[in-house]
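Colleague: predicted model follows, preceded by the sequence.
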Amino acid sequence: MFDALSDKLTATARKLRGYGKIRESNIEEALRDVRLSLLEADVNFRVVKEFIDAVKVRALGAEVLESVSPSQQFIKIVHDELVSVLGGENPGLDLKAKPPVAIMMVGLQGSGKTTTTGKLALRLKKDKRRVYLVPADVQRPAAIEQLKTLAKQIDVDFYPTAPGDKPVKIAKRALKEAELQGYDVVIFDTAGRLAIDEPLMKELVALKEEVDPTEVLFVADSMTGQDAVKTAEKFNQVLDFTGVVLTKMDGDARGGAALSIKHVTGKPIKFAGMGEKLTDLEVFDPQRVANRMLDMGDVVALVERAAEVVDVDDAQRMTQRLMNNQFSLEDFLSQLRTMKKFGSLESMLKMIPGSKQMVKDSADLSAAERELKKTEAIINSMTAAERRDHTLLNGNRRKRIAMGSGTEVSDVNRVVKNYLEMRKMISRVQKMGMGKMMRNLMRGGGGGMPPGFGM
């Protein structure tokens with residue numbers, strides 16, 4: 001989402017490295033570059049003006065530290081102001097009311113509202129809350145079916161809306177049913193249009209009066225830039241929503257919506273859709289988003305992702321097998337499958353501070369992805385006995401594995417060789433101790449990862 005803007009902001013900071021101190025004479029060019037970068041990213045011009053003014057005041061003020069370089073000072077100031085523009089701290093959902101707590105999802109048709117409703121329901125379910133999904137969009141029977149399908153996928157209950165029902169009556173009956181059945185949260189997927197019109201807004205106002213929701217979340221397609229901001233402003237004037245969900249944040253849009261919508265509406269961005277899977281809904285954290293924009297990485301997100309995909313017991317067992325020199329091709333296959341759950345190599349690397357340029361310069365990431373898939377196919381083509389005991393892999397067996405995986409014998413040989421090199425490396429770690437091993441790696445000595453395992 002912010003790649004282009006991130007490149008320009010970090011390039012601007014690098015220009016200040018040659019100066020001994022930030023002064024008005026040398027900061028003007030940097031501020032002009034930042035201003036152009038934000039405008040090119042489709043950020044609202046009022047937001048840009050206030051942002052630049054705030055950065056300039058802070059950069060030239062007494063709070064600038066003498067002990068750090070001008071580029072570091074500038075990046076810190078820009079980072080802090082980005083966090084402020086993005087909303088400061090995320091207040092989260094207000095779920096303290098007496099259950100069932102009502103949440104209304106509003107927005108234009110095509111913004112990803114129904115899918116986001118399913119994602120939010122899954123997130124709340126993981127938080128041990130009983131969720132009830134209510135399709136209140138009777139204009140589109142397809143929306144009712146879509147939400148019904150999503151409810152089945154995530155195993156949450158679903159109100160049986162009929163296409164001819166009135167939204168207010170649907171809401172009244174659904175809330176009564178939710179109270180009788182003891183649900184914690186009721187999420188209403190409301191109607192949308194291709195554009196704002198009076199009948200839509202009247203329907204949503206009537207529905208809000210009936211539901212009295214604790215949260216009204218405006219779902220916006222971040223790919224539409226300032227159009228999303230203008231639409232949010234109009235929805236907010238009528239509905240006074242409580243927060244925003246930005247969808248398609250994993251896309252290649254310029255990011256103007258994310259940097260403008262809080263300033264224009266005064267309402268926080270609470271969630272961000274980061275992909276098509278139902279698990280791809282993240283809490284919007286301005287601090288972490290600003291980190292990503294300035295190539296500071298997002299280690300917290302990486303750790304959270306690891307907590308989701310890595311089974312602690314399996315990890316402990318794997319560690320024990322590694323230390324006992326029992327690591328097999330079966331174990332390596334398990335690690336490959338776990339790694340795939342993290343997402344692409346590029347998305348993982350972007351969470352590591354300072355890795356943006358490395359990702360950008362590397363032409364081999366896609367090749368590395370293909371090699372990992374090939375390695376998985378090769379190990380999958382082995383029998384269980386072969387995966388547990390690599391010494392069984394004679395010439396004939398390797399030919400069979402190559403044919404079964406659609407690869408060459410040389411590919412099979414390379415996988416086995418890399419696996420053996422990895423075992424040797426683990427053995428060296430055990431013998432010299434992890435501390436000595438890391439010092440050796442830092443000095444550029446032996447003991448590095450074998451070819452093909454560097455990623």
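Modeller: Yep, that arrived.
Colleague: what pairs with residue 217 across the strands?
Modeller: residue 105, residue 243 (DSSP bridges).
Colleague: how near is it to residue 210?
Modeller: 17 Å (CB to CB, to the nearest Å). In short, each C-beta sits where N, CA and C put it, glycine included.
Colleague: which of these two has more neighbours?
Modeller: The residue with more neighbours, out of residue 217 and residue 210, is residue 217; 25 against 17, by other CB atoms under 10 Å.
Colleague: who's in contact with that one?
Modeller: 103, 104, 105, 106, 120, 241, 242, 243, 244, 245, 270, 271 (CB atoms under 8 Å, 6 or more residues apart in numbering).
Colleague: residue 335 and residue 329: what is the separation?
Modeller: In terms of CB to CB, residue 335 sits 10 Å off from residue 329.
Colleague: of the two, give the one with the bigger neighbour count.
Modeller: Taking neighbours as other CB under 10 Å, residue 335 and residue 329 compare with residue 329 leading, 20 against 13.
Colleague: let's see the pLDDT reported for residue 287.
Modeller: With respect to pLDDT, residue 287 scores 81.
Colleague: about what we covered before: which one of the contacts of residue 217 is nearest to residue 177?
Modeller: residue 103 (16.0 Å; CB to CB).
Colleague: avg pLDDT for whichever helix or strand the closest one is part of?
Modeller: In this assignment (DSSP states H and E), residue 103 forms part of strand 101-106. Taken as a whole, strand 101-106 has a mean pLDDT of 94.
Colleague: who are the packing partners of it?
Modeller: helix 113-126, strand 185-189, helix 198-211, strand 215-221 (3 or more CB pairs under 8 Å, 6 or more residues apart in numbering; DSSP states H and E).
Colleague: out of those, deepest packed?
Modeller: strand 185-189 (a mean of 27; mean count of other CB atoms under 10 Å).
Colleague: how about residue 177, nearest residue that isn't a chain neighbour?
Modeller: Excluding the flanking residues, the one nearest residue 177 by CB to CB, 6 or more residues apart in numbering is residue 159, at 6.7 Å.
Colleague: that neighbour: neighbour count?
Modeller: Count around residue 159 with other CB under 10 Å applied: 23.
Colleague: you'd agree it is up against residue 133?
Modeller: Yes. Between residue 159 and residue 133 there is a contact at 6.9 Å, judged by CB atoms under 8 Å.
Colleague: got the helices and strands packed on strand 101-106 as CSV, with distance to residue 166 and mean pLDDT columns?
Modeller: Compiled in CSV, the helices and strands packed on strand 101-106 are given as follows (distance: least, CB to CB, whole Å; pLDDT from 0 to 100):
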stretch, distance to residue 166, mean pLDDT
helix 113-126, 19, 93
strand 185-189, 14, 94
helix 198-211, 9, 89
strand 215-221, 20, 92
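Colleague: adding distance to residue 164, write those out as a markdown table.
Modeller: What follows is these, written out as a markdown table (distance: least, CB to CB, whole Å):
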| stretch | distance to residue 164 |
| --- | --- |
| helix 113-126 | 19 |
| strand 185-189 | 17 |
| helix 198-211 | 15 |
| strand 215-221 | 25 |
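Colleague: which of these sits closest to residue 94?
Modeller: strand 215-221 (6.1 Å).
Colleague: the closest one: what's the following helix or strand?
Modeller: Next along from strand 215-221, by DSSP H and E: helix 226-239.
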